[in-house]
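dropping the sequence and predicted coords here.
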Protein chains: 2
Amino acid sequence: MIGLGTVGAGVVQLLNQQRKLTLKKIAVRSLEKPRRIELRCPISANVSDLIDDPEIEILIEVMGGEHPALEYIEAALERRKHVVTANKEVLAKHGPALFEKARRQGVTIFFEAAVAGGIPLISTMHKGLEAIQISSVIGILNGTTNFILSKMEESSLSYEAALAQAQKLGIAEADPASDVDGHDVAYKLSILSALAFGQFVQPASIPKQGITNIGPDALAHAKELGYRVKLLGICRKVNERDNKSYLDVRVQPMFVPVNHPLAAVSASKNGILVRSDAVDEIILVGPGAGQMPTASAVVGDLINLASALQLPDFASYFHYDIAPQWAQLADKDDFVCPFYLRLSVANLPGVIGRIGTTFGAHDISINTILQHGVHNDHAKVVILTQAVRNGNLHRALQELSQSDYVKGVEECVGIFEPAYENA
Amino acid sequence: MIGLGTVGAGVVQLLNQQRKLTLKKIAVRSLEKPRRIELRCPISANVSDLIDDPEIEILIEVMGGEHPALEYIEAALERRKHVVTANKEVLAKHGPALFEKARRQGVTIFFEAAVAGGIPLISTMHKGLEAIQISSVIGILNGTTNFILSKMEESSLSYEAALAQAQKLGIAEADPASDVDGHDVAYKLSILSALAFGQFVQPASIPKQGITNIGPDALAHAKELGYRVKLLGICRKVNERDNKSYLDVRVQPMFVPVNHPLAAVSASKNGILVRSDAVDEIILVGPGAGQMPTASAVVGDLINLASALQLPDFASYFHYDIAPQWAQLADKDDFVCPFYLRLSVANLPGVIGRIGTTFGAHDISINTILQHGVHNDHAKVVILTQAVRNGNLHRALQELSQSDYVKGVEECVGIFEPAYENA
């Protein structure tokens, strides 16, 4: 095993409770660091002690980060070792090459812990749903941001105050950027795309909208209108130009109707909705992270792998049908959903009429409009649009924000309406 | 494949869409019955045409019912054929002997479709949660009764009216007893016990309370008090006398708090909550039945099995760790939960006091009490108890129902409080 942080220590703890699987060596960064767990095998600061040990059949990688984890995994595959990893970043950024290498070497990569920690999502999508053609995977894939949004909603906190609470509880990192800006979700979406549609997506190419701009106003309006705000990872197959199919993959906060099961996924939990023609919707909810849930996923992989190791050439059974090329993304402007908008407008006669006219020119119909009074020279107008092409909305908003009667577009959040997701 | 009803026809449809797996023969009851699907293999009225064909490696059993499906499955195992079945009744009633036979013969039984049709629950519990010690499995496992209860709640219908609607839509059978009396759920619990705890439970020994006595009053009170009524299948490990562990397995309608994820499982959907120390709670929600969800589960099993068939002696990888004995059940009186009670009482001074005194004598504390007026010579009293041992409650109710001041115990429904489930 490479890495002995939180997850690594959990793995040691679980393996100490059984007798079938033996950890042979653990590679760590520092041999001096005090460890609170009982270690029954040597630790080494030299990774090649593991990689070059011909007796070791499985490499567990729980060090995290892109480098040098990638190089260690590559070296293990080259030496025909099977790999169990929790490393979403390495898989998302280098998945096509790694799975191609594993296939050539006749070994397998297990990664149940890389997405939605305690939820057995990977095995479900890989083996549990063999016979169905998945049409979309949509989920709350980041526990940190879900905790922050839930806290903001429950206790009417600002984003900053909720983040501080999450940091105090160890749910958010000191530098929360990877979570709150959507990078973490993008890694997971890349992996889920590979499972559902056979192609990884370059994480850098995935449009991301984080939660740092979500304010208490948006949450209050969401509540008033019957929604909860959730950071969603979305990954859908869409048929576009020339009968070719593309993937629509996005990270964005959305208003989710309160009676939708994803709205009930609270605190730091994850929830994933898998859609298909044959089975309609399946929803999985559980802990997305945490020491023991993640360690359990790693050890589950180990048990499955080890029980298969006795079979000659078993790797073919675990083969992932993943293309060596990256997926092609659909034009993000083509996505259709309703929107919540909050505009700061000048207190002038005819403003609402002019907004409506601009929207009309861009083919945008309004569903709901709310204005609670006027403050000095300006007013806040909340609009829920009907389903609209994203490109059209953004052009209309740009036009409005350059006008003299709209002082600013304060917020613009999509509304998750399952009916449109299937469009 | 034996059987060509709804599920069988769905399997044919899915297999016609691919080229890797070939149906060799289908055994049907009647060769004359018109079939609306394209059949690419011969059909036969003689099951031994399949069972005795040495070329056939996998028997798919989708005929349903206990006999002769059991005998066909046994014959297939004896001839070292792998079995894919959707038959919960046969598995629940004969699981220990069948899995023992499969183990001896070196073949496997796949049964993803037998519980919660479209939800990949079996593979999740078998392979996805390898490393965790499950402590309980609790779920809405019967779509028909969930549809009836949801309809009764939404549209304030009587049980009879909601059942009639379900029958009209094909969601309930002409004879709904197996669903509404809890037998179907008991079969599923027996199978889930085997997966979670390694032992099947004799379905006849499982305490069952169906939904036929649930009236609009209970549903209205549930709503008023913040609950929804769901028919739950419960299967928990409890440590009792002599440090031995027993299973507490029950089918009963319960009040589920509206904000609990199981309360959001509506219409004919199924929802299952799997608890463990390591991972806390995982919830799976999806279609529990229906032609294509169930057929997809069968075909998913087929694909998994077929891709493993190339491996020599692969059956050991799919081995289920199931004991040849039936599980021992805990004393059902020991289960602790709060209760909803509705009593019809005489309109006499001091009645509430006498009820309270009787409850007190049986160690039952009251949480909430509601009485909306008096009708002629009697009144209806609704009581929510605090957590109480089931045995105590039933003794108290027996005492009350023999008194002169309580005219009848109209309803008595447990309240699902996750905190007590863990006790």
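Done, it's in. These numbers were taken from a predicted model, which means no experiment stands behind them.

for the rest of this, base every contact and every neighbour count on C-alpha atoms.
Will do.

quick one, what contacts A:Arg79?
A:Arg79 is in contact with A:51-52, counting by Cα atoms under 8 Å, 6 or more residues apart in numbering or on different chains.

how near is it to A:Val107?
10 Å (Cα to Cα, to the nearest Å).

excluding chain neighbours, give the residue nearest to A:Gly64 in space.
A:Asn87 (5.4 Å; Cα to Cα, 6 or more residues apart in numbering or on different chains).

A:Ala177 now?
A:His183 is the one closest to A:Ala177 (Cα to Cα, 6+ apart), at 7.9 Å.

hang on, isn't the one you found packed against A:Pro207?
No: using Cα atoms under 8 Å as the test, A:His183 is too far from A:Pro207 to be in contact (9.8 Å).

ok, those two, which is more surrounded?
Set A:His183 next to A:Pro207 and count neighbours by other Cα atoms under 10 Å in any protein chain shown: A:His183 wins out with 22 against 16.

quick check, pLDDT for that one.
On pLDDT, A:His183 comes in at 98.

again, but for the one 3 residues further on
Reported pLDDT at A:Ala186 in the predicted model: 98.

then A:Ala196?
Listed pLDDT for A:Ala196 reads 95.

does it touch A:Met125 like I think?
Yes: when contacts are counted by Cα under 8 Å, A:Ala196 is listed as touching A:Met125 (7.0 Å).

more neighbours: the two, which one.
Counted by other Cα under 10 Å, A:Ala196 and A:Met125 do not tie: A:Ala196 has more neighbours, with 25 against 17.

name the nearest residue to that one, ignoring sequence neighbours.
A:Ile134 is the one closest to A:Ala196 (Cα to Cα, 6+ apart), at 6.0 Å.

correct me, but the one you found touches A:Val279?
No: applying Cα under 8 Å, one finds A:Ile134 not in contact with A:Val279, separated by 9.1 Å.

looking at the two, which is more packed in?
Per other Cα under 10 Å, whichever of A:Ile134 and A:Val279 has more neighbours is A:Val279, with 27 against 22.

re earlier: quick check, the residue nearest to A:Gly64 in contact with A:Gly65.
Yes: contact criterion Cα under 8 Å: A:Asn87 and A:Gly65 qualify, at 7.1 Å.

more neighbours, those two?
When neighbours are counted by other Cα under 10 Å, A:Asn87 and A:Gly65 differ, and A:Asn87 comes out ahead with 22 against 12.

so what's that one up against?
A:61-65, A:111, A:113-114.

give me the buried subset of these.
By neighbour count, with 16 or more other Cα atoms under 10 Å in any protein chain shown, the contacts of A:Asn87 hold A:61-64, A:111, A:113-114 as buried.

of these, which pair is most distant in space?
Greatest spatial distance among the buried ones among the contacts of A:Asn87 (Cα to Cα): A:Met63 and A:Phe111, at 13.6 Å.

can you give me the helices in the stretch 251-400 of chain A?
Applying DSSP state H, counting those that start in this stretch to the stretch 251-400 of chain A gives helices spanning A:291-309, A:351-361, A:390-401.

try the stretch 101-250 of chain A
A:121-123, A:143-155, A:159-168, A:177-180, A:183-197, A:216-225.

which of those is buried the deepest?
When you average the neighbours per residue for each of those (mean count of other Cα atoms under 10 Å in any protein chain shown), helix A:183-197 leads with a mean of 25.

what residue in chain A is the furthest from its centre?
When distances to the mean C-alpha position of chain A are computed (Cα atoms, centre = their mean), the maximum falls on A:Pro349, with 44.7 Å.

where does that one land on pLDDT?
Reported pLDDT for A:Pro349: 87.

got the residues of chain A near chain B?
Counting by Cα under 8 Å from any Cα of the partner chain, the positions of chain A adjacent to chain B are A:118-120, A:123-124, A:127-132, A:259, A:261, A:264, A:278-287, A:292-293, A:296-297, A:299-301, A:303-304, A:307-308, A:311-314, A:317.

on that earlier part again, mind listing which of the contacts of A:Asn87 are in strands?
Of the positions in the contacts of A:Asn87, A:Glu61 sit in strands, assigned by DSSP state E.

could the contacts of A:Asn87 go into TSV alongside distance to B:Arg389 and pLDDT?
Output for those, formatted as TSV (distance: Cα to Cα, whole Å; pLDDT from 0 to 100):
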residue	distance to B:Arg389	pLDDT
A:Glu61	48	98
A:Val62	46	97
A:Met63	48	97
A:Gly64	48	95
A:Gly65	51	95
A:Phe111	44	96
A:Ala113	40	95
A:Ala114	43	96
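
what is the nearest of the contacts of A:Asn87 to B:Lys20?
A:Phe111 (27.1 Å).

pretty sure that closest one sits against A:Val298.
Yes: between A:Phe111 and A:Val298 there is a contact under Cα under 8 Å: 7.5 Å.

ok now do A:Thr212, which residues does it touch?
A:159, A:180-181.

6 Å - rerun?
By Cα atoms under 6 Å, 6 or more residues apart in numbering or on different chains, no residues touch A:Thr212.

please report how far A:Arg250 lies from chain B.
Distance, A:Arg250 to chain B, by Cα to the nearest Cα, to the nearest Å: 24 Å.

ok, now A:Ser344?
Applying Cα to the nearest Cα, one obtains 35 Å for the distance of A:Ser344 from chain B.

not counting its neighbours along the chain, what's nearest that residue?
In space, and not counting its chain neighbours, A:Ser344 is closest to A:Lys380: 4.7 Å by Cα to Cα, 6+ apart.

count of residues packed around the one you found?
22.

thinking it is in contact with A:Asn347, fair?
No: counting by Cα atoms under 6 Å, A:Lys380 does not reach A:Asn347; the two are 9.5 Å apart.

tell me, what residue is most central in chain A?
A:Val185 (2.6 Å).

who's in contact with it?
Counting by Cα under 6 Å, 6+ apart, A:Val185 has contacts A:Leu141.

roughly how far apart are it and A:Val115?
9 Å.

which residues are in contact with stretch A:311-320?
Residues contacting stretch A:311-320 (Cα under 6 Å, 6+ apart): A:107-108, B:307-308.
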